[in-house]
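Engineer: Generate coordinates for the sequence data below:
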Amino acid sequence: MLGCGKKVKFVAPWQTYRVGDVIEPTAMDRDWLLANGYVKDVNEIETPGRPAKMARSAAKKIADGAKQLFG
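Structural biologist: Reported below is the predicted structural model:
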C-alpha cells in the first residue's frame, strides 16, 4: 500500500539521498533500506534529552570569555 505513513531517516548516504533526509518509501524499498543499514525508522530514533544546567562558575567563564572576544 503506497503512502502507509511509515517514514525513515537516512543514517548513511545512498544514491541521491543525504544523511538526515526523511522519506516515505514503498514497503519493499523500506525493508531493503532497513536491512542494509541505510535508514532507521523515524519512530525508533531517540530525541536528545534536555541539556543539563550549567554551573554558575562555568557560565561566568563563558560570559567573561565572550566579553574579551567581542570587547
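
Engineer: Dump the C-alpha coordinates for the host helix or strand of K67 into CSV.
Structural biologist: Per DSSP states H and E, K67 falls inside helix 56-70. What follows is helix 56-70, C-alpha atoms only, in CSV (Å, rounded to 0.1, in the frame of the first residue of the first chain):
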residue,chain,number,x,y,z
ARG,A,56,27.3,29.2,37.8
SER,A,57,31.2,29.2,37.6
ALA,A,58,31.1,27.7,34.1
ALA,A,59,28.6,30.3,32.9
LYS,A,60,30.7,33.1,34.3
LYS,A,61,33.8,31.8,32.4
ILE,A,62,31.9,31.7,29.2
ALA,A,63,30.5,35.2,29.7
ASP,A,64,33.9,36.6,30.6
GLY,A,65,35.5,34.9,27.5
ALA,A,66,32.8,36.4,25.3
LYS,A,67,33.4,39.9,26.7
GLN,A,68,37.1,39.6,25.9
LEU,A,69,36.5,38.2,22.5
PHE,A,70,33.9,40.7,21.4
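
Engineer: got the contact list for that helix?
Structural biologist: M54 (CB atoms under 8 Å, 6 or more residues apart in numbering). Heads up, the C-betas are built off the backbone N, CA and C, glycines and all.

Engineer: chain center to that helix, what's the gap?
Structural biologist: Relative to the centre of its chain, helix 56-70 is centred 30 Å away, using CA atoms, centre = their mean, to the nearest Å.

Engineer: shaky segments in this structure?
Structural biologist: 1-4, 45-47, 71 (pLDDT under 70).

Engineer: What segments of it are helices?
Structural biologist: Assigned by DSSP state H, the chain shows helices spanning 27-35, 56-70.
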